[in-house]
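Novice: Need coordinates for the below:
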Amino acid sequence: MNSINTHTGRWIVGDLRTASAAAPHEVIKVGGSLLSVPHWPDLVAELLRARSRHRKVIVVAGGGTIVEGLRTIDAATPQRADSIHFLAIDLLGTTARLVARALGLPLVVEPGDDPVAVLDAPLWLAATNLHGAERQARLPVGWHVTSDSIAALVAADTGGDLLLAKRTAPSLAGEENHLTALAQDGWVDDHFPTAAAKLARIAWAAPASVPTPGVGGALGQGGDAHGG
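Specialist: Just a heads-up that it's a prediction; the model follows:
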């Protein structure tokens, strides 16, 4: 069930799934749409400080307008699906470097002992997991897979919880199949319900200045699923 738990400074934080005790670390997907918010480094830093007080945090940065530009190019003159898919993933490395530099955080290829670090998602995906298989092979190819599903894969692969930080809060509170409903609504990508199926804990966060669907306003542009 989608519920609002707390206000953390300038953030509203809620739960999408709470099936077990908290894991030792949390993967936080910082939606690309947040990078268009004025003074976003201060805003995101506040959330990371709050979430890292009691456990480690791994940041996965979305693609935002950078990946949206690639989507626009592909829509004008369609390219091979696999070529565009991997180009889009490569661009996540650019936003990861941007977020790491803006926040003064280490950029890592594998989660380590850092209290808070930004993951270079393309390099992490290109590496092999403990079973010797490429992680990116677990993702289907296409625009229906974005950093939402990649962050879920990171959480599943590392045994962590997941928090989706986006510009708007999710709607559809109380829906029985809420992850599928949120994908249909465009708040997460279409593959996310599958990618996140085995995660025990999923939370969300959105700036408090943006109206919450069903609480203070309409949904607006929620989906980092579209380029995030």
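
Novice: shaky segments in this structure?
Specialist: Residues of the chain that meet the criterion pLDDT under 70 lie in 1-8, 129-133, 172-177, 210-228.

Novice: Let's see that with 50 instead.
Specialist: Along the chain, the model assigns pLDDT under 50 to residues 1, 132, 175-176, 213-228.

Novice: For it, which segments are assigned as helices?
Specialist: Assigned by DSSP state H, the chain shows helices spanning 40-51, 64-76, 81-103, 121-126, 147-158, 178-185, 192-195.

Novice: Apart from its neighbours in sequence, what residue is nearest residue 24?
Specialist: In this structure, residue 24 finds its nearest non-sequential neighbour in residue 55, 5.7 Å apart by CB to CB, 6 or more residues apart in numbering. Every residue, glycine included, has its C-beta placed from N, CA and C.

Novice: Identify the residues contacting the one you found.
Specialist: The neighbourhood of residue 55, defined by CB atoms under 8 Å, 6 or more residues apart in numbering, consists of 22-26.

Novice: Out of the residues you listed, grab the one that's most surrounded.
Specialist: Within these, most neighbours by other CB atoms under 10 Å means residue 26, with 21 neighbours.

Novice: State the distance from the residue nearest to it when sequence neighbours are not counted to residue 121.
Specialist: The shortest distance from residue 26 to any residue other than its chain neighbours is 4.7 Å, reached at residue 161 (CB to CB, 6+ apart). With distances taken as CB to CB, to the nearest Å, residue 161 is found 18 Å from residue 121.

Novice: These two: which has the busier surroundings?
Specialist: Using other CB under 10 Å, the more surrounded residue of residue 161 and residue 121 is residue 121, with 29 against 23.

Novice: Now that that one has come up, it's in contact with residue 94, right?
Specialist: No. Residue 121 lies out of contact with residue 94 (CB atoms under 8 Å); the separation is 10.6 Å.

Novice: didn't residue 170 look like it was pressed against residue 183?
Specialist: No. Counting by CB under 8 Å, residue 183 is not a contact partner of residue 170; they are 10.7 Å apart.

Novice: Which of these two has more residues huddled nearby?
Specialist: Under the criterion of other CB under 10 Å, the comparison of residue 170 against residue 183 puts residue 170 first, with 25 against 22.

Novice: do you know how far the more buried one is from residue 16?
Specialist: 7 Å.

Novice: Residue 188 too?
Specialist: 10 Å.
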